[in-house]
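>>> show me how the following folds:
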Amino acid sequence: MDTDTIAAVATAMSSSGIGIIRISGAQAITITDRVFRAKNGKALKECHSHTIHYGCLMDGEETLDEVLVMLMKAPNSYTREDTVEIDCHGGVLVMQKILETVIRQGARPAEPGEFTKRAFLNGRIDLTQAESVIDIINSKNDFALKSSVRQLRGCVLNKIRTLREQIIHETAFIESAIDDPEHYDLDGYGEHILKVTSELLQEIQGLLDTADQGRVLKEGINTVIVGKPNVGKSSLLNLLSGTDRAIVTEVAGTTRDVLEEQVNLNGISLNIIDTAGIRKTDDVVEKIGVERAKEYLQRADLVLYVVDSSRALTEEDKEIADLLQDKKVIVLMNKSDLESQVSIEELGFLSKFVIFISAKEGDGIGELTKKIQTMFFQGKLSFNDEVIITNIRHKNALVQALESLKLVEQSIREQMPEDFYSIDLLNAYKALGAVIGESVEDDLADEIFSKFCMGK
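So this is what the prediction gives:
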């Protein structure tokens, strides 16, 4: 673990009311005392922890700014190191000058995520809590934020610890019985460990079952708008985004490439892609757009299939319908303000996914929101005390633990020696440890924290 002192601007480098320079490490207080002149003349090293001090930040004899300095002494700080935060005026130049002054006095520039990395390495938080910090910063909706806050408070950590405690207890018993058979009896143990393994498998599978919901909560639902040309796809995108994002004309084929927009629909994030109208065309550029539309459709979590209900269905509609087999799809019968020329029955297997809307009038969006909630969140968006897996790294580690426990179950059923149980139980224990960072390689930790912003 590095013992040097690090510093960084912890707020955005832009003009604002306030800026914060964060300093952490063994020399944080000493370095700050070299550049800070408190109004009361008292040095920070003589002050109590968790106090705020008013004064001037100096570069030699030059006053850089009037500041407030927050003092947090180890181990009662975010990093469990001596930490100082300088609250100055939020100008880019003044923040940069203060940071440069602090660095000249002995600190070094912090790497991205290094403050949180130190909090993890010093045992203040586990890896799931560290990752939740960046998730909070990047939250795209209220539900993603709530999930990240719960993870920061330790909901995933506590669940994983409980599972690991059960596994290590059984592993220790097996090892003890093998080493000291006179005092530990394994007769009938297979039936016991089979029950324990079955319960662990159920618990881990339950966590994995939340992963898809967790992903869309965190990242948003990858949504593709498809349909024939000139049915109202771009009008729908403009309605959902609240902007004139897409060009809307009466000319079929106006949209030739994909348009991407992120939309918050009553708390649900949709990563929307508006595609070129799907039809046969001799136009080279439009043809490329149609092929891209089909590619995005195959990768989508949700397809919004827009139909112009004021015009009869054509062969092109049937071809589009064929592409929607086995996809999560909602059929939006657009232009419901006009007389309909399409019966729901004509849509075949898609008829049970129909919603009538008017992109022009803004009708039907409430019903669309409810339909998406039903499809992805069983009709409601709530957490209660449920642990939701939102991180692909956590999911992969849980899958590894699940597979190892399945091998334990297989060994029991095949009446293999108990030391076979022990090997796979330990593998499951290590896989779960990777979730919370208790068995994680340095290069993985470096990769995780490199995604953080500089001052965090």
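>>> how close does residue 273 get to residue 262?
Distance from residue 273 to residue 262, counting by CB to CB, to the nearest Å: 10 Å. (C-beta placed from N, C-alpha, C; glycine too.)
>>> those two: who's more crowded?
Ranked by neighbour count (other CB atoms under 10 Å), residue 273 and residue 262 place residue 273 first, with 22 against 13.
>>> list the beta-bridge partners for the more buried one.
Counting by DSSP bridges, residue 273 forms beta bridges with residue 224, residue 260.
>>> for the remainder of this discussion, apply numbering that starts at 38.
Understood, numbering begins at 38; the last thing we discussed is residue 310.
>>> contact partners for it?
Counting by CB atoms under 8 Å, 6 or more residues apart in numbering, residue 310 touches 259-262, 295-297, 333, 337.
>>> hmm, try it at 7 Å
Contacts for residue 310 (CB atoms under 7 Å, 6 or more residues apart in numbering) come out as 260-262, 295, 297, 333.
>>> mind pulling the model confidence for it?
The model reports residue 310 with a pLDDT of 84.
>>> of all the contacts of residue 310, which two lie farthest apart?
Using CB to CB, the contacts of residue 310 span at most 12.1 Å, a distance reached by 260 and 295.
>>> quick one, which of these two is more surrounded?
Here residue 260 and residue 295 are compared on neighbour count by other CB under 10 Å; more neighbours surround residue 260, at 26 against 16.
>>> the nearest residue to residue 432 once chain neighbours are set aside and residue 428, how far apart?
Ranked by CB to CB, 6 or more residues apart in numbering and with sequence neighbours excluded, the top spatial neighbour of residue 432 is residue 248, at 4.6 Å. Distance of residue 248 to residue 428, given as CB to CB: 9 Å.
>>> cool, residue 50 as well?
28 Å.
>>> more neighbours: which of the two?
Between residue 50 and residue 428, counted using other CB under 10 Å, the more crowded position is residue 428 (21 against 15).
>>> now do the helices in the stretch 138-287 of the chain.
Secondary structure of the stretch 138-287 of the chain (DSSP state H, counting those that start in this stretch): helices at 151-158, 164-174, 179-189, 192-216, 226-246, 248-256, 270-278.
>>> could I get the ones you listed as a markdown table with mean neighbour count, mean pLDDT and distance to residue 306?
Shown next, in a markdown table, are those (neighbours: other CB atoms under 10 Å; pLDDT from 0 to 100; distance: least, CB to CB, whole Å):
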| stretch | mean neighbour count | mean pLDDT | distance to residue 306 |
| --- | --- | --- | --- |
| helix 151-158 | 23 | 93 | 24 |
| helix 164-174 | 22 | 88 | 13 |
| helix 179-189 | 20 | 83 | 7 |
| helix 192-216 | 17 | 88 | 21 |
| helix 226-246 | 16 | 91 | 21 |
| helix 248-256 | 20 | 80 | 8 |
| helix 270-278 | 23 | 83 | 12 |
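>>> would JSON lines of the ones you listed with distance to residue 435 be doable?
As requested, the helices of the stretch 138-287 of the chain are exported to JSON lines (distance: least, CB to CB, whole Å):
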{"stretch": "helix 151-158", "distance to residue 435": "20"}
{"stretch": "helix 164-174", "distance to residue 435": "12"}
{"stretch": "helix 179-189", "distance to residue 435": "14"}
{"stretch": "helix 192-216", "distance to residue 435": "9"}
{"stretch": "helix 226-246", "distance to residue 435": "5"}
{"stretch": "helix 248-256", "distance to residue 435": "8"}
{"stretch": "helix 270-278", "distance to residue 435": "34"}
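>>> so which of these gets nearest residue 457?
Among the helices of the stretch 138-287 of the chain, helix 192-216 comes nearest to residue 457, with 9.7 Å by CB to CB.
>>> for the closest one, packing partners?
Applying 3 or more CB pairs under 7 Å, 6 or more residues apart in numbering; DSSP states H and E, one finds that helix 192-216 contacts helix 164-174, helix 226-246, helix 455-473.
>>> ok, and what's touching the shortest one?
When you say that, I think you mean helix 164-174. Here helix 164-174 makes contact (CB under 7 Å, 6+ apart) with 153, 156-157, 182, 185-186, 188-189, 191, 193-194, 255, 427-428, 431, 472-474, 477, 485, 488-490, 493.
>>> okay, the angle between it and helix 192-216?
Taking axes from the mean of the first three to the mean of the last three CA atoms, to 10 degrees, one finds helix 164-174 and helix 192-216 inclined to each other by 170 degrees.
>>> the strands in the stretch 388-493 of the chain, which residues?
For the stretch 388-493 of the chain, the strands defined by DSSP state E, counting those that start in this stretch occupy 391-393.
>>> and if you look at the stretch 238-387 of the chain?
Under DSSP E, counting those that start in this stretch, the stretch 238-387 of the chain gives strands at 258-263, 296-302, 305-311, 339-345, 366-371.
>>> what helices and strands are in contact with the fourth one?
The reference is to strand 339-345. If contacts are counted by 3+ CB pairs under 7 Å, 6+ apart, strand 339-345 sits against strand 258-263, strand 366-371.
>>> turn those strands into CSV, columns for distance to residue 206 and mean pLDDT.
Output for the helices and strands packed on strand 339-345, formatted as CSV (distance: least, CB to CB, whole Å; pLDDT from 0 to 100):
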stretch, distance to residue 206, mean pLDDT
strand 258-263, 41, 88
strand 366-371, 48, 90
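>>> please name whichever of those is nearest to residue 235.
It is, among those and with distance given as CB to CB, strand 258-263, at 33.9 Å.
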